[in-house]
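Visitor: Sequence and predicted structure, then a few things I'm wondering about:
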Amino acid sequence: MQPLQERGHLLTEQSNPASQNLDQLTALELVDLFNQEDAKVIAAIAQAREPLAAAVTCATEALRQGGRLFYVGAGTSGRLGVLDAAECPPTFCTDPEQVQGIIAGGAGALVRSSEGLEDRAADGAAAIAHHQIHANDVVVGITAGGTTPYVHGALQAARQRGATTVFIACVPKNQVEAIVDVDIRLLVGPEVLAGSTRLKAGTVTKLALNILSTGAMVQLGKVYGNRMVDVAVTNTKLHDRALRILCDLTDLSREEAGRLLEASGRKVKLALLMHWAEVDRTTGEHLLTTHQGNLRQAIQAAQTT
């Protein structure tokens, strides 16, 4: 049995001077203190802007070349990765295989804590093998305190397979080192409740993943302006959104937009191309395929032929 590692020096484990009297605060004082501490999250994202941008670029290139984006984590970090991955198909109409979340303990750990499983580096490596990670893939290891063996095992295995690796942690590099392609440190400081990294660390991780996945999808052409033109029309809310996008970006009435949407097979991007380029569905699909789904490029190509 390996000796227990001392982790008290880690930024995420330290006591926050601003919350020393946490158990004596009123409800309003608690809210104010959390709000004050959460404000540090935005600054942490700003300080990590360059590695975050590098991660966006890596993910974009991998997905463009047919690779996949994986998030790997345990506990809160793992759940946040699974959440971000699960939201990509409805938002961007991606194949569920393109962006995936891997959490220590599997699906059961999403609803019931399985914290002990994060100590198994071999399980992280096994997960990489199970998903057949290869050189075109990007693997993002998420660990607030930076030391999770499951994540480090997964990253090491991913590197051995030639994948691009990204590390996201809330401790400085001099506390925990990581041999990866992109190293993102989100330094929000000690938590209001000492060691509870589901708080600021969780919040800043969610923001970073929002930027990473959305940024990659934007660069892949799944957005026109600031509209999610690749939205999957799978329920009444998204059907309404699709119609509003068409109405807002064209001169069509809601009824006309509805007919166009149906003619496109309920594909907003294709519907816009059909309308603006005055092409039929088959031609529009061919144009989008030729230009890797980029609507602007497809429109320009249609206008020059």
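Guide: Arrived safely.
Visitor: Please look at Thr143 and Gly75 and confirm they touch.
Guide: No - judged on C-beta atoms under 8 Å, Thr143 makes no contact with Gly75 at a distance of 9.0 Å. Using the backbone N, CA and C atoms, a C-beta is placed for each residue, glycine as well.
Visitor: Comparing these two, which residue is more hemmed in?
Guide: Thr143 (30 against 24; other C-beta atoms under 10 Å).
Visitor: List the residues that contact that one.
Guide: Shown in contact with Thr143 (C-beta atoms under 8 Å, 6 or more residues apart in numbering): 73-74, 77, 151-152, 167-169.
Visitor: Please repeat the previous calculation with a cut-off of 7 Å.
Guide: Going by C-beta atoms under 7 Å, 6 or more residues apart in numbering, Thr143 touches 73, 77, 151, 169.
Visitor: Can you tell me which of the residues you listed has the most neighbours?
Guide: Ranked by neighbour count (other C-beta under 10 Å), the contacts of Thr143 have Ser77 at the top, with 31 neighbours.
Visitor: pLDDT value on that residue, please?
Guide: On the pLDDT scale, Ser77 is placed at 96.
Visitor: Excluding residues flanking it in the chain, which one is nearest it?
Guide: Nearest non-adjacent residue to Ser77, counting by C-beta to C-beta, 6 or more residues apart in numbering: Ile142, 4.0 Å away.
Visitor: can you check Glu191 too?
Guide: Using C-beta to C-beta, 6+ apart and skipping the chain neighbours, the partner closest in space to Glu191 is Leu199 (4.8 Å).
Visitor: Gln98 too?
Guide: Arg68 (5.6 Å).
Visitor: for Gly265, same thing?
Guide: Arg281 (6.8 Å).
Visitor: Please report how far that neighbour lies from Ser196.
Guide: Arg281 sits 52 Å away from Ser196, going by C-beta to C-beta, to the nearest Å.
Visitor: quick one, helices of the stretch 1-150 of the chain?
Guide: Remark: helices assigned in the stretch 1-150 of the chain by DSSP state H, counting those that start in this stretch are 27-38, 40-47, 49-64, 75-92, 121-130, 149-160.
Visitor: Could you dump those helices into TSV with distance to Gln100 added?
Guide: Converted to TSV, these look like this (distance: least, C-beta to C-beta, whole Å):
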stretch	distance to Gln100
helix 27-38	29
helix 40-47	24
helix 49-64	12
helix 75-92	5
helix 121-130	10
helix 149-160	12
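Visitor: Tell me if I am right that Ala257 is in a strand.
Guide: No - read with DSSP: H, G, I helix; E, B strand; the rest coil, Ala257 is helix and lies in no strand.
Visitor: That one reaches Asp248, doesn't it?
Guide: No - assessed by C-beta atoms under 7 Å, Ala257 is found out of contact with Asp248, at 9.4 Å.
Visitor: between these two, who's got more neighbours?
Guide: Legend: neighbour count by other C-beta under 10 Å for Ala257 and Asp248, higher for Ala257 (22 against 11).
Visitor: Please read off the pLDDT at that one from the model.
Guide: Looking at Ala257, its pLDDT is 96.
Visitor: For the residue lying closest to it once chain neighbours are set aside, give me its contacts.
Guide: Of all residues not flanking Ala257 in the chain, Leu246 sits nearest, at 3.9 Å (C-beta to C-beta, 6+ apart). Residues in contact with Leu246, defined by C-beta under 7 Å, 6+ apart, are 252, 257, 260-261, 268, 271-272.
Visitor: what's the following helix or strand after the top helix by length along the chain?
Guide: Ranked by residue count under DSSP state H, the longest helix found in the chain is helix 200-219. Going down the chain from helix 200-219, the next helix or strand is helix 236-249, by DSSP states H and E.
Visitor: Now that following helix: buried residues?
Guide: Neighbour-count burial for helix 236-249 flags 238, 241-243, 245-247, 249 (criterion: 16 or more other C-beta atoms under 10 Å).
Visitor: need these in a markdown table with pLDDT and distance to Asn16, can you?
Guide: Listed next are these as a markdown table, based on pLDDT from 0 to 100; distance: C-beta to C-beta, whole Å:
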| residue | pLDDT | distance to Asn16 |
| --- | --- | --- |
| Leu238 | 92 | 41 |
| Arg241 | 94 | 41 |
| Ala242 | 94 | 45 |
| Leu243 | 96 | 48 |
| Ile245 | 95 | 44 |
| Leu246 | 96 | 49 |
| Cys247 | 96 | 49 |
| Leu249 | 94 | 47 |
